[in-house]
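In: Below is the structure, and that's it, no one-letter string:
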Ligand SMILES: C[S@@+](CC[C@H](N)C(=O)[O-])C[C@H]1O[C@@H](n2cnc3c(N)ncnc32)[C@H](O)[C@@H]1O
């Protein structure tokens with residue numbers, strides 16, 4: 001009954017159906033199908049057809065499922081292919097630079113262990129950045145020993161498996177020809193304009209909070225090797241000292257090799273607290289330019305702006 005009312009049939013129709021179904025039960029000679037009402041026959045046929053097609057439907061479902069699986073597989077293969085070729089492309093685009101970058105670890109006994117630990121972290125950072133650089137440098141660590149080696153052995157045993165790096169206990173002077181060396185030091189009067197691919201640039205492995213001011217400049221002079229400071233003043237104005245941490249110098253050089261622009265390299269790498277602001281060739285910052293432009297406005301123009 002409930003079904004019928006759902007079908008929206010009236011009570012008369014229900015009665016008719018009941019009558020004809022009673023007929024089906026009572027008549028002996030007639031076939032069951034003949035004694036059914038038109039509506040019931042239609043329903044029965046529909047049900048029979050539904051039953052007959054059960055296997056067919058099952059088969060179709062199976063086919064659709066398989067098709068979806070195949071589609072998924074082919075997408076995955078395409079994606080995998082894309083990722084693979086992107087990785088391959090990336091690998092091809094990496095062109096190692098022939099510039100050598102040396103971290104001179106000969107100042108070990110001038111540092112407290114906590115500062116050596118900081119230097120250790122800076123070196124780890126240099127290593128990681130060089131490994132993912134587009135133009136990685138030939139990375140050297142020289143004079144490795146003492147507290148730094150102890151820190152590396154204790155905190156990062158994996159360093160013995162580091163790739164694409166030359167680690168020496170010897171001083172850089174024994175490893176690289178003197179004529180190839182350029183000591184990078186903020187105290188040098190020389191300003192580095194371009195990187196020379198044939199040179200080996202040395203960074204002082206020192207975290208000294210400026211306690212040993214000028215020490216690397218003195219060492220470079222004693223050894224009679226070239227020296228230069230980064231061209232900071234020509235490209236950026238800073239609100240702090242021009243003395244940078246080892247990893248910042250290292251990363252600036254990687255960025256310069258990639259972008260070909262000191263200004264971009266400084267602006268990308270220098271930490272915000274250094275307050276580096278790009279300057280134009282005439283030495284003024286964008287802000288200063290805007291200020292001086294508004295200073296030179298006529299009173300009328302200033303009023304208009306206000
Ligand atoms: C924290 S600084 C050490 C400062 C130390 N008092 C000295 O005399 O070099 C670490 C190293 O980064 C390099 N460095 C830092 N700022 C530099 C700059 N403005 N130009 C060139 N090299 C710089 C130097 O090699 C320096 O030894």
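Out: Now that the structure is in, tell me what you want to look at. Here the structure is a predicted model, which means the values were calculated and not measured. Numbers count the residues shown, from 1 in each chain.
In: OK, contacts around the residue of the chain found nearest the ligand?
Out: For the chain, the residue closest to the ligand is residue 204, as judged by CB to the nearest ligand atom, at 2.4 Å. In this view, the C-beta of every residue, glycine as well, is placed from N, C-alpha and C. Residues in contact with residue 204, defined by CB atoms under 8 Å, 6 or more residues apart in numbering, are 104, 107, 183-185, 215-216, 219, 246.
In: Which of these fall within strands?
Out: Using DSSP state E, the members of the contacts of residue 204 that fall in strands are 104, 183-184.
In: how about those in a markdown table, adding distance to residue 116 and neighbour count?
Out: Listed next are these as a markdown table, based on distance: CB to CB, whole Å; neighbours: other CB atoms under 10 Å:
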| residue | distance to residue 116 | neighbour count |
| --- | --- | --- |
| 104 | 14 | 22 |
| 183 | 21 | 25 |
| 184 | 20 | 24 |
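In: interface residues of the chain facing the ligand?
Out: When proximity is defined as CB under 6 Å from any ligand atom, the chain approaches the ligand at 184-186, 203-204, 206, 208, 210, 212-216, 229-230, 232, 242-246, 249.
In: Please pick the buried ones from these.
Out: Buried residues within the residues of the chain next to the ligand, counting neighbours by 16 or more other CB atoms under 10 Å: 184-186, 203-204, 206, 208, 215-216, 229-230, 232, 244-246, 249.
In: Helices of the stretch 51-200 of the chain, start to end?
Out: For the stretch 51-200 of the chain, the helices defined by DSSP state H, counting those that start in this stretch occupy 54-93, 113-131, 146-155, 172-175.
In: Residue 58: neighbouring residues, count only.
Out: Applying other CB atoms under 10 Å, we find 10 residues neighbouring residue 58.
In: ditto for residue 97
Out: Using other CB under 10 Å, residue 97 has 19 other residues around it.
In: so how far is residue 205 from the residue nearest the centre of the chain?
Out: In the chain, the residue lying closest to the centroid (CA atoms, centre = their mean) is residue 132, at 9.6 Å. From residue 132 across to residue 205, the span is 22 Å (CB to CB, to the nearest Å).
In: Please apply the same query to residue 75.
Out: Computed as CB to CB, the residue 75 to residue 205 distance reads 50 Å.
In: Settle it for me: which of those two has more neighbours?
Out: A direct count of neighbours by other CB under 10 Å for residue 75 and residue 205 places residue 205 higher, at 25 against 10.
In: wait, isn't that one in contact with residue 126?
Out: No - the criterion here is CB atoms under 8 Å, and residue 205 misses it with residue 126 at 10.0 Å.
In: Tell me the residues that contact both of the two, please.
Out: Taking CB under 8 Å, 6+ apart as the contact rule, residue 205 and residue 126 both touch 103, 246.
In: Surely residue 188 and residue 228 touch.
Out: Yes - under the criterion of CB under 8 Å, residue 188 makes contact with residue 228 at 5.2 Å.
In: ok, back up a step: next, give me the two most distant ones among the contacts of residue 204.
Out: The distance between the two most remote of the contacts of residue 204 (CB to CB) is 15.2 Å, for 219 and 246.
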